[in-house]
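>>> Okay, here's the prediction I keep looking at, along with the sequence it came from:
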Amino acid sequence: MSIKSDNRHLYLQVIDRLKQDIEAGVYKEKEKLPSEFDLAKQLGVSRATLREALRILEEENVIIRRHGVGTFVNARPLFTSGIEQLNSVTDMITQAGMKPGTIFLRSSKQTPTEEDIRRFKCSPSEEIVVMERVRTANGEPVVYCIDKVPSHILPETFSHEEESIFNILDGAAHKRITYAIAQIEPIGYHEKISPILECEPETALLVLKQMHFDEMDEPVLFSVNYFKADKFSFHVLRKRI
């Protein structure tokens with residue numbers, strides 16, 4: 001089972017070998033890997049080399065190390081999307097062949113914060129509608145959503161039953177979102193949100209903050225979505241210019 005040496009650093013060869021073994025089903029999702037001693041012996045490398053490979057695999061979210069327990073193969077993300085593609089959560093779940101659902105938590109009108117005034121270019125007297133929902137895939141909670149919209153954009157009669165906020169804005173407000181400015185960052189366990197999403201203590205969250213604009217470049221929606229990092233994967237296409 002030892003790796004065949006080539007011109008690359010040994011830890012890179014170990015990374016490739018472990019990825020191949022995971023892909024081939026030698027190690028299955030959520031399965032515990034052999035101990036460092038046994039795995040290093042099987043691969044014919046030092047434990048220092050193995051540790052460097054495992055460190056990088058953990059950074060790439062391929063494995064997860066639980067202190068005092070062992071190293072496990074991470075579950076593959078169910079949902080993947082290019083960050084340059086402006087898809088709703090509903091679309092992402094549907095494209096994965098799963099049924100989207102919504103658990104409505106609350107909706108309220110609030111006085112805008114200084115950040116809201118800056119984002120929406122609104123007056124301090126303009127109320128902001130804040131909606132909090134949990135999005136589900138085949139009944140499993142996967143995303144915690146906080147959406148903010150200036151109150152003048154939404155009619156009083158809009159329905160909270162509509163799953164896609166994009167559809168609410170399209171249909172009830174006649175505002176078509178055409179682009180967004182996004183920021184994404186990983187965070188660890190969240191005291192409030194992680195239990196709602198039924199996360200394991202070691203499961204990280206991906207926070208996607210987006211300011212959405214319509215065809216007239218008017219800011220119409222600010223959203224903060226907390227994705228379970230073991231369920232979602234985002235990528236970006238970069239071009240040389």
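Thanks, I have the structure now.
>>> next SSE after the helix-or-strand element of the chain with minimal mean pLDDT?
When the helices and strands of the chain are scored by mean pLDDT, DSSP states H and E, strand 79-82 comes last with a mean of 66. Note on strand 79-82: by DSSP states H and E, the next helix or strand toward the C-terminus is helix 89-95.
>>> What is that next one packed up against?
strand 79-82, strand 100-110, strand 128-137, strand 140-150 (3 or more Cβ pairs under 8 Å, 6 or more residues apart in numbering; DSSP states H and E). From N, CA and C alone the C-beta is placed, and that goes for glycine too.
>>> residue contacts, residue 154?
129, 168, 172, 173 (Cβ atoms under 8 Å, 6 or more residues apart in numbering).
>>> again with residue 54
36, 63, 65, 71.
>>> taking these one by one, which sit in helices?
residue 36 (DSSP state H).
>>> out of the contacts of residue 54, which is most surrounded?
The most neighbours of any of the contacts of residue 54, using other Cβ atoms under 10 Å, belong to residue 63, which has 21 neighbours.
>>> What does the pLDDT read for that residue?
Confidence at residue 63, expressed as pLDDT, is 88.
>>> Does it touch residue 71 like I think?
Yes: counting by Cβ atoms under 8 Å, residue 63 does reach residue 71; the two are 5.5 Å apart.
>>> Overlap of the contact sets of those two?
33, 54.
>>> Pick the most deeply packed of the helices and strands packed on helix 89-95.
strand 140-150 (a mean of 21; mean count of other Cβ atoms under 10 Å).
>>> partners of that one in the sheet?
strand 128-137 (antiparallel), strand 219-228 (antiparallel) (DSSP bridges).
>>> How far does the first one sit from its chain's centre?
Mean C-alpha position of strand 128-137 versus that of the full chain (Cα atoms, centre = their mean, to the nearest Å) differs by 16 Å.
>>> Could you tell me the angle between that strand and strand 100-110?
Interaxial angle of strand 128-137 relative to strand 100-110 (axes from the mean of the first three to the mean of the last three Cα atoms, to 10 degrees): 160 degrees.
>>> Determine the set of other helices and strands touching the longest helix belonging to the chain.
For the chain, the longest helix by residue count, based on DSSP H, is helix 10-24. Counting contacts by 3+ Cβ pairs under 8 Å, 6+ apart, helix 10-24 packs against helix 47-59.
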